[in-house]
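K.L.:
structural data only, the sequence is not supplied:
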């Protein structure tokens with residue numbers, strides 16, 4: 001099985017720091033089996049467990065997606081579009097539907113993670129919500145997007161946006177069988 005780039009970076013960090021799965025479990029609040037699934041998966045898990053791992057290791061979430069870092073501003077040109085990181089919506093390899101394109105992977109010391117995200121229709125109809133520390137801002141570029149936020153559901157059209165506290169259980173998905181595209185900015189405190 002081919003590991004994803006995030007799993008490889010986490011494995012390298014654990015090896016470099018001589019941290020066991022048991023220690024990371026205690027630091028992150030995730031079970032050892034959840035961490036093993038993350039480390040062995042071809043798909044990148046949802047943001048919630050990644051944020052827990054980042055916080056447990058004392059790192060920014062972006063550390064897992066960075067290639068190189070610049071101190072000054074980072075300009076992202078249309079021609080700079082890179083390969084996506086495909087996140088699954090839960091701690092498994094099923095129900096994958098979000099392709100993330102980082103817009104600031106080279107920015108050193110950032111506290112926000114801006115992405116363009118292609119949302120594919122879900123292969124299951126079972127919503128699996130997640131939560132993590134921080135805030136999120138979403139702007140719809142194309143299609144229709146459904147955001148389940150706590151007990152509320154919001155449907156956003158092209159040109160509409162939402163800003164919310166991501167500690168509340170939430171799920172972002174396409175409304176129908178048609179894909180959608182959004183700009184999302186995720187802030188997670190260190």
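P.N.:
Cool, the structure landed. In this text the structure is predicted, and so the values were computed from the model without any measurement. Numbering: from 1, shown residues only.
K.L.:
residue 13: how many residues sit nearby?
P.N.:
Residues near residue 13, counting by other Cβ atoms under 10 Å, number 17. Where you see a C-beta, it was placed from the backbone N, CA and C, and this is true even at glycine.
K.L.:
and what of residue 116?
P.N.:
With other Cβ under 10 Å as criterion, residue 116 counts 17.
K.L.:
okay, buried residues for the longest helix along the chain please.
P.N.:
Criterion DSSP state H: the longest helix present in the chain is helix 5-17. Residues of helix 5-17 classed as buried by neighbour count (16 or more other Cβ atoms under 10 Å): 6, 7, 9, 10, 13, 14.
K.L.:
on the pLDDT front, check the third one for me.
P.N.:
Predicted confidence (pLDDT) for residue 9: 84.
K.L.:
can you pull out the helices in this protein?
P.N.:
5-17, 21-28, 32-40, 47-57.
K.L.:
so the first one versus helix 21-28, what angle?
P.N.:
Same thing as helix 5-17. Relative orientation of helix 5-17 and helix 21-28, computed by axes from the mean of the first three to the mean of the last three Cα atoms, to 10 degrees: 110 degrees.
K.L.:
residue contacts, residue 17?
P.N.:
Applying Cβ atoms under 8 Å, 6 or more residues apart in numbering to residue 17 gives the contacts residue 57.
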